[in-house]
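> Sequence first, then the predicted structure, then my questions.
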Amino acid sequence: MNRSAPAIEARDVRVTAHGHTILDGVNLSLQRGETAVLLGPNGCGKTTLARVLMGYQPVRSGTLHVLDKTIGATNLHELRQHVRLVSSTTALGGQSGTLNGLETRMRPLAAVLTGIDGSLMLTRNLPSQDEDRAMHLLRVVGLGHRETSAIGTLSTGEQRRLLLARAMIRPPELLLLDEAAAGLDVAGREQMLLTLRLLMAAGDRPTVLMITHHVEEMPPDTDRVFLMNSGRILRSGTPAQVMTPELLTETFGCRVYVRKASGRYTLEVLPEAWLDLLPETDRIGL
Ligand SMILES: Nc1ncnc2c1ncn2[C@@H]1O[C@H](COP(=O)(O)OP(=O)(O)OP(=O)(O)O)[C@@H](O)[C@H]1O
């Protein structure tokens, strides 16, 4: 693999499903080693982009390179050894009773070990060093004490941290986090972000693309932000370049102020934005 090539290079990527255009000419370039955030409103195509990057959904036109391999013309099984996706979708692929496809009766240690082959079940005996590393990671993500619990009994926050440990058992070159903090309360979100930082600090740091619609989830060390809207990348740049009220108002289609404190961003919705969202005939009394 050419390590100087970008981790992701998308040129005019179009994706359609059932006659609908979902990605409408996505252009995106993410350099290796960067931590990037893809921000955009519900339904703008973020999850579709993550699925396309994993090769789960086909590209209709344009070119997409992931770790210097061309999606649509590469061995996906081989590529997925180097790319991991952690998703907030409990049952990926629609199976009930699964956690990102993992059987919910599985124990945490086994679940983390499946990350070695990126499989859904443990299909071979693994050396004791792998078990030691899996145990270590479980402790790092705060689950050392839940060794004997079925993963389906873990709380949402614990499950998300378990999936992070699974993704990092063989540190990938590219880590995709799709709404990884969705459904978590404020402490759960912070614990998840802290866990991510701890895992990153441990060396073998992957390129990270964090997908979210909450600016509060942006880590303070974010190198690049991609603003997405209606199936396209509206703007990309450093947080200082793109985290402006004008660009975020355009991205989310709602008038906002941007605040920054301790390296973290929050959005404040202006009261007039509520009126903007209502048809004039429904504004009586407001
Ligand atoms: N298989 C499909 N067939 C038709 N439309 C689809 C299909 N998959 C996704 N869409 C539509 O494409 C759009 C983008 O969906 P996607 O899930 O990628 O958005 P998103 O930005 O991840 O949204 P959210 O933040 O709500 O998860 C949505 O309008 C969705 O309804």
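Looks like it arrived, so ask away.

> Going along the chain, name the helices of the stretch 1-150 of the chain.
Ranges of helices in the stretch 1-150 of the chain, per DSSP state H, counting those that start in this stretch, are 46-53, 76-79, 108-113, 128-140.

> tell me the phi and psi of the most centrally placed residue in the chain?
Nearest to the geometric centre of the chain sits residue 177, at 1.8 Å (Cα atoms, centre = their mean). Dihedral angles of residue 177 (phi, psi; degrees, to the nearest 10) stand at phi -120, psi 110.

> so residue 159 is in which element?
helix 156-168 (DSSP states H and E).

> Quick one: mean pLDDT for that helix?
Computed over helix 156-168, the mean pLDDT rounds to 90.

> relative orientation of it and helix 128-140 in degrees?
Here helix 156-168 points in a direction 150 degrees away from that of helix 128-140 (axes from the mean of the first three to the mean of the last three Cα atoms, to 10 degrees).

> who does helix 156-168 touch, helix- and strand-wise?
In this structure, helix 156-168 makes packing contacts with strand 83-87, strand 98-99, helix 108-113, helix 128-140, helix 186-201, judged by 3 or more Cβ pairs under 8 Å, 6 or more residues apart in numbering; DSSP states H and E. Quick note: C-beta positions are derived from backbone N, CA and C, even for glycine.

> Looking at those, spot the one closest to the ligand.
strand 83-87 (10.0 Å; Cβ to the nearest ligand atom).

> For the ligand, what's its nearest residue on the stretch 101-250 of the chain.
Closest point on the stretch 101-250 of the chain to the ligand, by Cβ to the nearest ligand atom, is residue 213, at 5.2 Å.

> mind listing what that residue touches?
Residue 213 is in contact with 39-42, 46, 179, 252, counting by Cβ atoms under 8 Å, 6 or more residues apart in numbering.

> same question, residue 17
By Cβ under 8 Å, 6+ apart, the residues touching residue 17 are 48, 57.

> what's across from it in the sheet?
residue 20 (DSSP bridges).

> Around the ligand, which positions in the chain sit nearby?
With Cβ under 6 Å from any ligand atom as the criterion, the chain meets the ligand at residues 17-18, 20, 22, 40, 42-48, 213.

> which of these sit farthest apart?
Largest separation among the residues of the chain next to the ligand by Cβ to Cβ: 18 and 213, giving 23.4 Å.

> Identify the residues contacting the closest residue to residue 137 other than its chain neighbours.
In space, and not counting its chain neighbours, residue 137 is closest to residue 165: 4.0 Å by Cβ to Cβ, 6 or more residues apart in numbering. Contact partners of residue 165, counting by Cβ under 8 Å, 6+ apart, are 112, 115, 134, 137-138, 140-141, 143, 199.

> How about residue 249?
Shown in contact with residue 249 (Cβ under 8 Å, 6+ apart): 255-256.

> hmm, try it at 10 Å
255-258, 267, 269-270, 273, 276 (Cβ atoms under 10 Å, 6 or more residues apart in numbering).

> And it, its phi and psi?
phi -60, psi -40.

> Isn't residue 196 up against residue 202?
No. Using Cβ atoms under 10 Å, residue 196 makes no contact with residue 202, being 11.0 Å away.

> any shared contact partners between the two?
With Cβ under 10 Å, 6+ apart as the test, residue 196 and residue 202 both reach residue 168.

> So which of the two has more stuff around it?
residue 196 (25 against 13; other Cβ atoms under 10 Å).

> excluding its backbone neighbours, what's nearest the more buried one?
residue 164 (6.3 Å).

> Touching, the one you found and residue 180? I think so.
Yes. Residue 164 is in contact with residue 180 according to Cβ under 10 Å; the separation is 7.4 Å.

> Now for these two: what residues contact both?
Common neighbours of residue 164 and residue 180 (Cβ under 10 Å, 6+ apart) are 86, 192, 196.

> who are the neighbours in contact with the first one?
Contacts of residue 86 were listed using Cβ under 10 Å, 6+ apart, and they are 50, 100, 160-168, 175-180, 192, 196, 210.

> got it, and residue 228?
23, 26, 28, 38-41, 44-46, 49, 211, 213, 234-236, 251.

> Show me just the buried residues among those residues.
23, 26, 28, 38-40, 44-46, 49, 211, 213, 234-236, 251 (16 or more other Cβ atoms under 10 Å).
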